[in-house]
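Trainee: Attaching a predicted model along with its sequence, questions to come.
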Amino acid sequence: MALSLFLIKEIPYSSSILSSLFFPLFKVQVIISRTLTSFKFPASVFTSVKQYSSSPLVISPSSDHGSLFYCCGDASFYASLLGSSTDKKHVDQVHAQLLVSSLRHNGFLITKLVNVSSDIGYICYARKVFDKFSDPDVFLWNAMVRGYSKHNMFGDAIDLYSRMQAMGVSPDCFTFPNVLKACSGSQALEFGRRVHGQIFRHGFECDVFVQNSLVAFYAKCGRIGRARTVFDRLCDRSIVSWTSIISGYTQNGEPMEALRVFSQLGRSNVKIDWIALVSVLRAYTDVEDLEQGKAIHGCLIKLGLEHEPDLLISLTAMYAKGGQVMVARSFFNQLEEPGLILWNAMISGYAKNGYAEEAVELFRKMNAKNMRTDSITLRSAILGVAQVGSLELAKWMDDYVGRTEYKTDIFVNTALIDMYAKCGDVDFSREVFDRTAGKDVFVWSAMIVGYGLHGRGREAIDIYYTMEQAGVSPNDVTFLALLTACNHSGLVEEGWKLFHCMKDYAIKPQNQHYSCVVDLLGRAGYVEKAYRFIKNMPIEPSASVWGALLNACKIHRHVTIGEYAAEKLFSLDPNNTGYYVQLSNIYATARMWDRVAKIRAVMKGKGLSKDLGYSAIEINGELQGFHVGDKSHPRSREIFEELENLEKRLKEAGFVPHTESVLHDLNYEEKEETLCNHNERIAIAYGLISTAPGTMLRITKILGHA
């Protein structure tokens, strides 16, 4: 059997590749172009040809060709050649040989050519080849539809499938998955439903491959109920079937249902793979069940899968959201090129779990790498800046946003309004508010919150009425912001009136609203009215409600109601240090020292200690924090001299320190000194000695951890 074999010189030569292309029964003739007599081939090439030739190797010059060819008419050779092609030039040359040979009408080779062209990104060339073929069979149609789907050219894939139907070509089990992928990618729900009908008409309702594609299609189009119906009808479920429905529930915001299906998978005989576990980890992340997520992590370690990139991403997101940011960072650092989703998860994890400086630092690192950011990135970074409390840093963040495409993003601007308010300058918040177009209820509410934080309750109420005039209806957040503003400004009547206005908008008050009203009444001295208000609540009071009442009792030295509120709090949150300290302070102000000692003993028995907070002040763009009695600063001598001067001037003005709640085993002078050395006062003194007269000082209170 004689063969004519063409081998183009630009394709990399390998004796092992060539060896696989020849068979002992073939007679091979090698023709070397006269123009390439100086071209040197590895000896192994000719050795391989000799080995698999049934007759002696003949090498002769020819002027018929401009390149070196092995002449061969076997289609399997071209198929293998195409399979090893990774460059457009290779594909062009093989195609050229097909065109001048009798194989240009070989559907198998043309299909292979289309597939390879698509795989290397030569999709337009693939379409030209497809269009030139006179009578494409279903395999060639499938190859072209697959190419379009692979390159996310979903509209083209759907159009080609429609043309395929018009040409009377019957689809097979390989057609539908690619068409359904195109339908889900373009959210073409109605067209996909028609494809579902065609699947039944062509008899593929039991094909698990096709049915899995249907599950994925409905899930990605937001029709998880339809996806579940298809899944339930499957007689032979593969791991792909289970993974499709689990990921579908997770993607559609139903993590609990995803976990229920995962539990069913565990009871089946189907072996779980790491792809299913990615969706399971995401579900546990969404329901914030870190302990169960850790159990899955343990399974991954046992299976040796903990280093799979997709699982590393899921583990990073889970631990970051669960507050274990150090663990999350260890996974994050294992990835050579973390994607945007992972950067967002890490920055958000830092910002939402009290690691503000780390969030800002990571955001800066992301910028240094010229990574693309999105709205979520910016909002997470802005949250971190807000927690740091630096006005200079806030201005830098605002300038950065102004250079991005998200400078008009309403969510980003809402975050900027909140950031400026928390960094001490609500007037900058107002500037952002005024320049924000298309203000929604969240923008208005953020501005109200900002005014409330700064004790500017009247302005908060004014902007609320302006919002009403603009035709924007308030929501529960708006009223919470208003009640907080009234609370901080002592506007009892206004706050009471606004609370009862909630029913006008069919908004049911929640515990947060009730706790604001209790705080509003309690701070104004209406402790018993606040207590009756709680007793008449239509919902069960939360710890925040009883906590507001306890604080009011401390301010106004109301022991009886304070004890009642404390007992409620101890039952709701028995290990919260603050409640014990509050009750102890109530007893101290009433000089009930035996009960103070009892509270201390209870705290000691539970291993509780008072949280250590600190106050921060920004001088020349640098934050400096101070704890109670802090003498670690290099200028501590100057700071405490300034404190003494301040205390002297306060006493001359008639100020008398409130010492009743300070430890009873200190004398009066010691109590006075303890109050004078409070961290806020130290921060103020440092600000006074570090700035020019008339400079505004912004002190930020940072709550610590026990």
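Mentor: That came through, no problem.
Trainee: Let's see stretch 447-461 as CSV, backbone CA atoms only.
Mentor: The C-alpha coordinates for stretch 447-461 follow below in CSV (Å, rounded to 0.1, in the frame of the first residue of the first chain):
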residue,chain,number,x,y,z
MET,A,447,-26.5,61.8,54.9
ILE,A,448,-29.0,61.7,57.8
VAL,A,449,-26.7,59.2,59.6
GLY,A,450,-23.8,61.6,59.1
TYR,A,451,-25.6,64.5,60.6
GLY,A,452,-26.8,62.4,63.5
LEU,A,453,-23.2,61.2,64.3
HIS,A,454,-22.2,64.8,64.7
GLY,A,455,-25.1,65.8,66.9
ARG,A,456,-26.7,67.9,64.2
GLY,A,457,-30.2,66.6,64.6
ARG,A,458,-32.0,69.6,63.3
GLU,A,459,-30.1,69.3,60.0
ALA,A,460,-30.9,65.6,59.8
ILE,A,461,-34.6,66.3,60.2
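Trainee: Buried ones in it, by neighbour count?
Mentor: 447-454, 456-457, 459-461 (16 or more other Cβ atoms under 10 Å). Quick note: C-beta positions are derived from backbone N, CA and C, even for glycine.
Trainee: Widest-spaced pair of the residues you listed?
Mentor: Farthest apart among these by Cβ to Cβ are Leu453 and Ile461. That separation is 14.6 Å.
Trainee: Which strands or helices does the helix or strand encompassing Leu98 pack on?
Mentor: Using DSSP states H and E, Leu98 sits within helix 88-99. Here helix 88-99 touches helix 75-83, helix 107-119, helix 123-132, going by 3 or more Cβ pairs under 8 Å, 6 or more residues apart in numbering; DSSP states H and E.
Trainee: one more time with 7 Å
Mentor: Using 3 or more Cβ pairs under 7 Å, 6 or more residues apart in numbering; DSSP states H and E, the elements in contact with helix 88-99 are helix 75-83, helix 107-119.
Trainee: how much space between Tyr464 and Tyr514?
Mentor: 20 Å (Cβ to Cβ, to the nearest Å).
Trainee: what's the answer for Val230, then?
Mentor: In terms of Cβ to Cβ, Val230 sits 47 Å off from Tyr514.
Trainee: got the phi/psi numbers for Glu622?
Mentor: Dihedral angles of Glu622 (phi, psi; degrees, to the nearest 10) stand at phi -120, psi 130.
Trainee: Revised request: answer the last question for Asp374.
Mentor: According to degrees, to the nearest 10, Asp374 has phi -130, psi -170.
Trainee: Distance check, it against Gly354.
Mentor: Distance from Asp374 to Gly354, by Cβ to Cβ: 24 Å.
Trainee: Ok, Gly192 next?
Mentor: Gly192 sits 46 Å away from Gly354, taking Cβ to Cβ as the criterion.
Trainee: Could you identify the helix or strand that succeeds the helix or strand containing Gly298?
Mentor: Here Gly298 sits within helix 290-303, counting by DSSP H and E. For helix 290-303, the following helix or strand on the C-terminal side (DSSP H and E) is helix 309-321.
Trainee: From the chain's centroid, how far away is that next one?
Mentor: 10 Å (Cα atoms, centre = their mean, to the nearest Å).
Trainee: contact partners of that helix?
Mentor: Applying Cβ atoms under 7 Å, 6 or more residues apart in numbering, the contact partners of helix 309-321 are 274, 277-278, 281-282, 284-285, 288, 293, 297, 300, 305, 327-328, 331-332, 334-335, 342, 345-346, 348-349.
Trainee: Quick one: distance of the helix ranked longest in the chain to the chain centre.
Mentor: Secondary structure assigned by DSSP state H gives helix 636-652 as the longest helix of the chain. Using Cα atoms, centre = their mean, the mean C-alpha position of helix 636-652 is found 49 Å from that of the whole chain.
Trainee: same deal with stretch 257-265?
Mentor: Offset of stretch 257-265 from its chain centre (Cα atoms, centre = their mean): 23 Å.
Trainee: Check which residues of it are buried.
Mentor: Quick answer for stretch 257-265 (16+ other Cβ under 10 Å): 257-259, 261-262, 265.
Trainee: just the CA coordinates of that stretch, formatted as PDB?
Mentor: Output of stretch 257-265 as PDB, limited to C-alpha atoms (Å, rounded to 0.1, in the frame of the first residue of the first chain):
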ATOM      1  CA  GLU A 257     -31.200  24.100  50.000                       C
ATOM      2  CA  ALA A 258     -27.800  23.500  48.500                       C
ATOM      3  CA  LEU A 259     -26.600  22.000  51.800                       C
ATOM      4  CA  ARG A 260     -29.700  19.800  52.000                       C
ATOM      5  CA  VAL A 261     -29.000  18.400  48.500                       C
ATOM      6  CA  PHE A 262     -25.400  17.900  49.500                       C
ATOM      7  CA  SER A 263     -26.600  15.900  52.400                       C
ATOM      8  CA  GLN A 264     -28.500  13.700  50.000                       C
ATOM      9  CA  LEU A 265     -25.400  13.300  47.800                       C
END
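Trainee: low-confidence ranges in this protein?
Mentor: 1-74, 609-613, 629-630, 656-677, 701-706 (pLDDT under 70).
Trainee: What are the neighbouring residues in contact with the residue nearest the centre of the chain?
Mentor: Residue closest to the average C-alpha location in the chain (Cα atoms, centre = their mean): Ala345, at 4.3 Å. By Cβ under 7 Å, 6+ apart, the contact set of Ala345 is 316-317, 320.
Trainee: One more: Glu618?
Mentor: Residues in contact with Glu618 (Cβ under 7 Å, 6+ apart) are 390-392, 698.
Trainee: How is the protein partitioned into domains?
Mentor: The chain breaks down by automatic domain parsing into domains covering 350-429, 614-702.
Trainee: Out of those, which gets nearest to Leu521?
Mentor: domain 614-702 (21.7 Å).
Trainee: Isn't Thr377 up against Met346?
Mentor: No: taking Cβ atoms under 7 Å as the definition, Thr377 is not a contact partner of Met346, at 10.3 Å.
Trainee: Between the two, point out the one with more neighbours.
Mentor: Using other Cβ atoms under 10 Å as the criterion, Thr377 and Met346 rank with Met346 on top: 27 against 22.
Trainee: The more buried one and Leu362 touch, don't they?
Mentor: Yes: contact criterion Cβ under 7 Å: Met346 and Leu362 qualify, at 6.0 Å.
Trainee: can you pull out the strands in the stretch 501-650 of the chain?
Mentor: Ranges of strands in the stretch 501-650 of the chain, per DSSP state E, counting those that start in this stretch, are 614-619, 622-626.
Trainee: State the distance from Asn620 to Thr691.
Mentor: 9 Å.
Trainee: Looking at these two, which is more packed in?
Mentor: Shown here are Asn620 and Thr691; by other Cβ under 10 Å, Thr691 has more neighbours (14 against 7).
Trainee: What residues does the more buried one make contact with?
Mentor: Contacts of Thr691 (Cβ under 7 Å, 6+ apart): Ile619.
Trainee: Give the phi and psi angles for it, as a check.
Mentor: phi -130, psi 160.
Trainee: what about the strands in the stretch 351-500 of the chain?
Mentor: Going by DSSP E, counting those that start in this stretch, the stretch 351-500 of the chain shows no strands.
Trainee: If we ignore the residues flanking it in sequence, what's nearest Leu482?
Mentor: Excluding its sequence neighbours, the residue lying closest to Leu482 (Cβ to Cβ, 6 or more residues apart in numbering) is Leu498, at 5.1 Å.
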